[in-house]
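In: Build me a structure from this.
(3 chains, ligands or ions: 2)
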Amino acid sequence: MNAATATATNTDFVLAVEGLTVSFDGFKAVDDLSFYVDEKEIRVIIGPNGAGKTTVLDLICGRTKATSGSVKFRNKELTTLKEHEIVKAGVGRKFQNPSIYEDLTVFENLELCYPRGRNVFGALFFKRDAKVISKVREVAEMINLKDELESQADLLSHGQKQWLEIGMLLIQDPDLLMLDEPVAGMSVTERKQTAELLRRITNDRSVIVIEHDMQFVAEIADHVTVMHQGKILAEGSAEKVKQDPKVIEVYLGH
Amino acid sequence: MFSDYTATELGSIFAMQGFAGLILFAVFLLMALGLAIIFGQMGVINMAHGEFMILGAYMTYLTSNLFAEYLPGLFDAYFFVAIVVAFLASAALGAFVEWAMIRRLYHRPLDTLLATWGLSLLMQQSYRSIFGAREVGVRIPDWMAGSFPVTDIVELPINGLIVMLIAIGVTFCVYLLMFKSSWGRRVRAVVQNRPMAGAVGINTAKVDRMTFALGCGIAGIAGSAFTMIGSTGPSAGQQYIVDTFLVVVFGGAASLLGTVASAFSISQAQSTMEFFLGGSMAKVLTLMTVVIILMFRPQGLFTLKVRK
Amino acid sequence: MSNFSLKNMMTRQDVLGFFVLAVLLLVIMPLSMDIIRLTQFGKYLSFAFVAVGLVLCWGYGGILSLGQGVFYGLGGYALAMFLKLEASSPENTAIQSTPGIPDFMDWNRITELPWFWEPFNSFTFSLLAILIVPTIFAYFIGFAMFKRRVGGVYFAIITQAISSILTILIIGQQGYTGGVNGITDLRTLLGWNIRSDYASYVFYFIGVALLFVCLFVAQFITKSKLGRILVAMRGQEDRVRFSGYDVANFKIFVFCVGAAFAAVGGAMFTLQEKFMSPSFVGIVPSIEMVIFCAVGGRMSILGAVYGAILVNVAKTYFGESFPELWLFAMGLLFIGVVVAFPDGLAGVYQKYCAPTVDKFLDKAPLFKRYSGDSSYSGSSSSHEPVNAS
Ligand SMILES: Nc1ncnc2c1ncn2[C@@H]1O[C@H](COP(=O)(O)OP(=O)(O)O)[C@@H](O)[C@H]1O
Ligand SMILES: [Mg+2]
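Out: Ligands and ions are numbered 1, 2, ... in the order given. Below is the predicted model:
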């Protein structure tokens, strides 16, 4: 853990997770976890099912409250903020199961995530102006859904739903993007398109991706963190962790 | 309000009202138990729960009449037979209702609330058509009508004691059923993961039906207890649904012991305040206290920290 | 402000719907009924206010309140208290042992106007109180519950408990509230006889006008981004948080709007029926208000108006001739509308009538050039079928 020696107040990191622990009825799903994400870094978290990867993202974005430890985003403590405040601070999160607004159209899904008019009266008097429309079109173009803008979201295919959710994040324009298994359940062509999409959108922001596909991981990762039983098993470049005997034993071996 | 009484008088008043509240406690406990079982199992609030209770009360009334008519020698024991009859009748109707209506409404808890309200209206009107609009009273066997003198002013009503023992007994049986039997294991499996439980071969539809029937049946027993404190009328059950739900939530929806404790505290608070404030203000104060507490502690008073 | 134009707010079907309703309420009804029946009809409309509010709360927001009678009652009582004080002038009540206070207080041996009655001597205060008291009350309930993420069935039952508490309180505190009979014998408004036919007509039209104000507000809300947030919230509350919204605030807002609508309805009831009583506050009337909304279609604000009218007409005519059957009918209505017709009348209209009407509108000269569907104002959010609620 090369970065663990840095002090907590170091401003170089976008995200500094330190001593993060959560316990469900005594079961520590995440156990004294520390890691740091740099500006514009793409960090991939891998690990066997149940390792606590999703829970880490839950803790960062405020869905689950930490038992102890700290999460600092640009030096701002996140563990005491509410979910929507964390979003406003600039953290976006894609869920493992596509989670979109099925009763709304694709356009409305994207528009809802446009970062304006987020309080009650802002939403009431929100104006669908040219800027909003062009931004929605731009994002729809990126996620290959520009012909589906008027479709109701629950009519989309599984892969399209995943893209839509990514689009909903993009329109928020977060500084830190967290993606939980973005290509899970996709066909081969969809996978390819998604990989390309991810490569494009990860250019100018920090990203945390949870992924199992090692080839995919090797392609995109700057750093890989391997988790096992709530703890970090190994950390480093994709090449390095691939060779790590511990990692091979608990994760890559099977 | 206490200043008009001496300390010993106050002590006796509390004791007396406390004992008098035992039947209310039993009714609350049994009602809440049934409601909690159904709510915990299926996330469904049965708004007709009070009417299932009244069904039990009418069954008790019919049983007592039958005994008085054909088995006067055994009249002293009719109450115990009535409890069984009340349980079976309410449970059977509950199973039917689950089959005809509730199972179509899973995943729509708010809609179930409205539909079961409709059911409660149907049941009320049926009672009115069958038993008449007038309230009926049940004759209590002589031996149950008496009371033990505890001190010279405090008396312990026998029927209250018996009803409370039955309520505790039923609670204990429910505990055994839910936590110690294989059937209870299946119920809990369905609660925790419905598709998974289905996949390992549990007949979830049957579990749902039996659970709903059990909850309704226990409401029927509550109806038997109810005949000891109130007269049975077509709409007598309606006023109990809110109280009962508050008992369930107040106790923490998942905890059996919490339900007992909250049924006890709410019934005792109401019964004691009734003496000083009159029935309606006592009820207002009790409900208001519970609602305000729930606003600040929606998870209930007696819950342990459990995972969500 | 092009975004707030009529076209963005209403599809042409909406325009047609508002127009038909306006003709019905402003022309057909007043011309076809005598004033007694028209006033009764006005009473049904006072329930429509509640039903429209419930479309916002329940249909859109997924918040089922079983305590709307509380707000209806508070609005109605606020006006009734003012009118009662006016009717209890010392001259009018000279025969009482304490002249100048409402008769029921005198009967209950109260000799002084209670403090919370004092401000209702002012007309302005009373008008404000009609709106503000119920809204603030709703705000407190909503704040306490929604900020702690209590919703669904819990919320429904807590609101029901509140309506039960308020009813018992009103009935129990006869001397201050008029008890079970409520506040009756209201006569004048600022010296003007409210019992004349002329006054009844005026009140009817005021009621219709206010109903249309509420309908337009509701239409505006449902077509705004806030309306779409509510729909999103109903299915995926958690996800909405991660789109950057404080979900509780939206719920509180829509609950308050529903309460304010209900309060206006209650006040209109008082004006037209010249009394207010606890029988419109309790559990039973509150849940019946939900059925008005359900019958009309929980996602349709115009449907809610028709739902309120239809159920009440049925209740009056059917209920009076066959009281036993009525409770059966009501029970079956609850079950049927929930199990078989969760989209209510509006759902039936959407399915069977809307396509024909659309074809007709394509030919109608008046509507030919009007198209409410501006680009991307997808209409799906307002008409999709009900799923999990
Ligand atoms: N809210 C929760 N309550 C209880 N246990 C949880 C909760 N969330 C996650 N867990 C447990 O934490 C462990 C880690 O889960 P998760 O983070 O989803 O793993 P991964 O995403 O790495 O597959 C699992 O054993 C899971 O059952
Ligand atoms: Mg996971």
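In: What residues does the stretch 201-350 of chain C have near chain A?
Out: Within the stretch 201-350 of chain C, the positions near chain A by Cβ under 8 Å from any Cβ of the partner chain are C:220-221, C:224-226, C:228-229, C:231-232, C:234-236, C:238-239, C:241-247, C:249-250, C:253. (C-beta placed from N, C-alpha, C; glycine too.)
In: Buried subset of these as a ChimeraX selection?
Out: Written as a ChimeraX command, the selection of buried residues from those, which uses 16 or more other Cβ atoms under 10 Å in any protein chain shown, is:
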select /C:220,221,224,225,226,228,229,231,232,234,235,236,239,241,242,243,244,245,246,247,249,250,253
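In: Return the subset of the residues of the stretch 201-350 of chain C next to chain A lying in helices.
Out: C:220-221, C:225-226, C:228-229, C:231-232, C:234-236, C:238-239, C:241, C:247, C:249-250, C:253 (DSSP state H).
In: dump the residue contacts of residue 220.
Out: No chain specified, so I'll use chain A. A:42, A:44, A:195, A:198, A:199, A:202, A:209 (Cβ atoms under 8 Å, 6 or more residues apart in numbering or on different chains).
In: wait, chain C
Out: Contacts of residue C:220 by Cβ under 8 Å, 6+ apart are A:124, C:9.
In: And it, what's its pLDDT?
Out: With respect to pLDDT, residue C:220 scores 94.
In: What distance do you get for the one residue sitting closest to the centre of chain C to residue C:334?
Out: For chain C, the residue sitting closest to the mean C-alpha position, by Cα atoms, centre = their mean, is residue C:50 at 1.6 Å. Distance of residue C:50 to residue C:334, given as Cβ to Cβ, to the nearest Å: 17 Å.
In: on that earlier part again, filter the contacts of residue A:220 down to the buried ones, PyMOL style.
Out: Typed into PyMOL, the next command selects the buried ones out of the contacts of residue A:220 (criterion: 16+ other Cβ under 10 Å):
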select buried, chain A and resi 42+44+195+198+202+209
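In: Which ones among the contacts of residue A:220 map onto strands?
Out: A:42, A:44, A:209 (DSSP state E).
In: Name the member of these with the shortest distance to chain B.
Out: Ranked by distance to chain B (Cβ to the nearest Cβ), the ones in strands among the contacts of residue A:220 are led by residue A:209 at 26.8 Å.
In: Identify the residues contacting the closest one.
Out: Residue A:209 is in contact with A:42, A:43, A:44, A:45, A:178, A:179, A:182, A:198, A:220, A:221, counting by Cβ under 8 Å, 6+ apart.
In: Can you list the neighbours in contact with the helix or strand the fifth one falls within?
Out: Taking DSSP states H and E as the definition, one finds residue A:178 inside strand A:176-180. In this structure, residues lying in contact with strand A:176-180 by Cβ under 8 Å, 6+ apart are A:14-15, A:37, A:53-54, A:57, A:60-61, A:73, A:90-96, A:166, A:169, A:198, A:201-202, A:205-210.
In: Okay, and which of those residues map to strands?
Out: Filtering the contacts of strand A:176-180 for strands - DSSP E - leaves A:14-15, A:37, A:73, A:91-94, A:206-210.
In: So which of these is surrounded by the most neighbours?
Out: residue A:91 (31 neighbours; other Cβ atoms under 10 Å in any protein chain shown).
In: Could you find the closest non-adjacent residue to that one?
Out: Nearest residue to residue A:91 in three dimensions, chain neighbours excluded: residue A:176, at 4.8 Å (Cβ to Cβ, 6 or more residues apart in numbering or on different chains).
In: who does the one you found bridge with?
Out: residue A:91, residue A:206 (DSSP bridges).
In: Count the residues that sit near it.
Out: 23.
In: Also residue C:339?
Out: Residue C:339: 19 neighbours (other Cβ under 10 Å).
In: how much space between it and chain A?
Out: In this view, residue C:339 and chain A are 21 Å apart by Cβ to the nearest Cβ, to the nearest Å.
In: residues of stretch A:23-37 that come out buried?
Out: A:28, A:29, A:30, A:31, A:33, A:34, A:35, A:36, A:37.
In: got it, and stretch A:228-246?
Out: For stretch A:228-246, burial by neighbour count (16+ other Cβ under 10 Å) applies to A:228, A:230, A:232, A:233, A:234, A:235, A:236, A:238, A:241, A:242, A:244.
In: For chain C, give me its nearest residue in chain B.
Out: Residue of chain B nearest chain C, by Cβ to the nearest Cβ: residue B:118 (2.6 Å).
In: from memory that residue sits against residue C:328, does it?
Out: No: Residue B:118 is beyond contact range of residue C:328, at 10.0 Å (criterion: Cβ atoms under 8 Å).
In: Now residue A:132: which helix or strand?
Out: Going by DSSP H and E, residue A:132 is in helix A:130-142.
In: Now do the same contact list for residue C:68.
Out: So residue C:68 contacts C:50, C:53, C:54, C:258, C:259, C:262, C:286, C:289, C:290 (Cβ under 8 Å, 6+ apart).
In: residues touching residue 237, list them.
Out: Let's take chain A. A:221, A:222, A:223, A:224.
In: The chain in question should be chain C.
Out: When contacts are counted by Cβ under 8 Å, 6+ apart, residue C:237 is found next to C:151, C:247.
In: Would you mind giving me the confidence score for it?
Out: 89.
In: same deal with residue C:372?
Out: Note for residue C:372: predicted pLDDT of 46.
In: likewise residue B:106?
Out: With respect to pLDDT, residue B:106 has a value of 81.
In: The helix holding residue A:132 packs against which elements?
Out: helix A:106-113, helix A:158-172, helix A:188-201 (3 or more Cβ pairs under 8 Å, 6 or more residues apart in numbering or on different chains; DSSP states H and E).
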